[in-house]
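Q: Take a look and give me a structure for this.
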Amino acid sequence: GAMSTLDIASIETTDIGSLKTAAIAALSTNQAKALTTDQIVALGSAQIGALTSAQIGGMSSGQIAAIETNDIGALKTAAIAALTTNQTAALSTDQFQQLSTAQISAMTTANLAVLTTDQIVAMSSNQFGALSSNQFNALSTTDIAAIETADIIGLKTSIIATLKTAQLAALTTDQLSNLTTGQIAAITTANIQALTTDQVVALTSTQIGALSSAQVGAMSTLDIASIETTDIGSLKTAAIAALSTNQAKALTTDQIV
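A: Predicted coordinates for the structure are as follows:
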């Protein structure tokens with residue numbers, strides 16, 4: 001702690017890796033701020049893991065972006081929670097992919113709100129599975145539409161159940177057709193009402209079969225008429241029996257056949 005910020009910045013990159021983790025943790029926020037990007041690149045995982053939330057929170061976006069992808073996973077969850085929105089936005093997609101599920105869970109809603117679509121695309125299904133409902137609700141509709149179809153299945157059913165109607169409407173037909181039956185069953189009746197005809201057409205036979213009577217009862221007559229003939233046979237008999245007279249009237253002759 002007695003070294004000046006100038007002295008800290010003068011430590012050669014070939015030498016900084018020799019600093020004990022206790023020495024790294026003891027750096028003041030100003031000393032941590034004085035670290036050059038080359039020095040940060042030279043730090044090992046154990047040293048990155050020794051950085052405190054105060055040190056991380058005080059660093060520049062450039063310093064955060066300099067943390068090597070192999071080392072970023074060592075950051076404490078408290079340090080992840082301390083990231084500013086600018087620092088979060090500065091994370092590369094390679095860095096983002098290396099974040100653990102615990103680190104993802106530690107991200108603030110403010111930081112999730114500033115994620116770029118490229119960062120969203122870089123996330124894995126396991127990382128999406130680590131998000132809480134509050135975290136997911138912080139994502140923009142543009143971000144939600146950017147979730148890769150192979151990763152959408154990672155979302156907890158509790159998240160699906162708390163989706164805003166605008167978020168559900170933002171799901172692409174490819175995303176929707178990749179939802180599990182458990183996820184489909186978790187969609188609220190209010191959100192079922194908000195489905196577009198294109199989204200209804202995208203539903204698979206298995207997904208149609210997962211709909212409850214209440215969910216089917218919430219569908220508009222236009223949506224009922226949009227269920228593909230190859231899928232309508234998968235509706236539960238209880239769901240058929242629960243159709244309103246107007247919904248039953250909306251069935252096309254091809255659907256009835």
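
Q: residues contacting G58?
A: Residues near G58 by C-beta atoms under 8 Å, 6 or more residues apart in numbering: T29, N30, A32, K33. Any C-beta I mention is one placed from the backbone N, CA and C, and that applies to glycine too.

Q: What distance do you get for it to T84?
A: For G58, the distance to T84 equals 9 Å [C-beta to C-beta, to the nearest Å].

Q: which residues in the stretch 151-257 of the chain form helices?
A: All helices of the stretch 151-257 of the chain, identified by DSSP state H, counting those that start in this stretch, fall at 157-161, 165-170, 173-177, 181-185, 189-194, 197-202, 205-210, 213-217, 221-226, 229-232, 237-241, 245-250, 253-256.

Q: Let me have the ones you listed in JSON lines, adding mean neighbour count as columns.
A: Formatted as JSON lines, these follow (neighbours: other C-beta atoms under 10 Å):
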{"stretch": "helix 157-161", "mean neighbour count": "17"}
{"stretch": "helix 165-170", "mean neighbour count": "17"}
{"stretch": "helix 173-177", "mean neighbour count": "17"}
{"stretch": "helix 181-185", "mean neighbour count": "17"}
{"stretch": "helix 189-194", "mean neighbour count": "18"}
{"stretch": "helix 197-202", "mean neighbour count": "17"}
{"stretch": "helix 205-210", "mean neighbour count": "18"}
{"stretch": "helix 213-217", "mean neighbour count": "18"}
{"stretch": "helix 221-226", "mean neighbour count": "18"}
{"stretch": "helix 229-232", "mean neighbour count": "15"}
{"stretch": "helix 237-241", "mean neighbour count": "12"}
{"stretch": "helix 245-250", "mean neighbour count": "13"}
{"stretch": "helix 253-256", "mean neighbour count": "11"}
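
Q: To A9, which of the ones you listed lies closest?
A: helix 157-161 (44.1 Å; C-beta to C-beta).

Q: Summarise which helices and strands the closest one is packed against.
A: Identification of packing neighbours for helix 157-161 by 3 or more C-beta pairs under 8 Å, 6 or more residues apart in numbering; DSSP states H and E yields helix 133-137, helix 181-185.

Q: one more time with 10 Å, if that's ok
A: Under the contact definition 3 or more C-beta pairs under 10 Å, 6 or more residues apart in numbering; DSSP states H and E, helix 157-161 sits against helix 133-137, helix 165-170, helix 181-185.

Q: outside of that helix, which residues touch it?
A: 128-129, 131-137, 152, 167-168, 179-180, 182-188, 191 (C-beta atoms under 10 Å, 6 or more residues apart in numbering).

Q: in terms of contact, does I192 touch Q207 like I think?
A: No: shown here, I192 and Q207 do not form a contact pair, counting by C-beta atoms under 10 Å, at 11.8 Å.

Q: shared neighbours of these two, which are they?
A: I184, V200.

Q: one step back: out of the contacts of G58, which is most surrounded?
A: Of these, A32 is surrounded by the most neighbours, 22 neighbours in total, counting by other C-beta atoms under 10 Å.

Q: doesn't M59 make contact with that residue?
A: Yes: here A32 reaches M59: they are 6.2 Å apart, a contact under C-beta under 10 Å.

Q: Show me the common contact partners of those two, please.
A: In contact with both A32 and M59: I40, L51, using C-beta under 10 Å, 6+ apart.

Q: And the strands in the stretch 1-150 of the chain?
A: Ranges of strands in the stretch 1-150 of the chain, per DSSP state E, counting those that start in this stretch: none exist.

Q: Provide a list of residue ranges in it with pLDDT below threshold.
A: Regions of the stretch 1-150 of the chain meeting the criterion pLDDT under 70 cover residues 1.

Q: still on that earlier bit, Throw the helices of the stretch 151-257 of the chain into a markdown table and include distance to Q103 and mean pLDDT, thanks.
A: A markdown table is the format used below for the helices of the stretch 151-257 of the chain (distance: least, C-beta to C-beta, whole Å; pLDDT from 0 to 100):
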| stretch | distance to Q103 | mean pLDDT |
| --- | --- | --- |
| helix 157-161 | 18 | 96 |
| helix 165-170 | 24 | 92 |
| helix 173-177 | 25 | 96 |
| helix 181-185 | 24 | 97 |
| helix 189-194 | 30 | 95 |
| helix 197-202 | 33 | 96 |
| helix 205-210 | 32 | 97 |
| helix 213-217 | 35 | 96 |
| helix 221-226 | 40 | 96 |
| helix 229-232 | 40 | 95 |
| helix 237-241 | 42 | 94 |
| helix 245-250 | 47 | 95 |
| helix 253-256 | 48 | 94 |
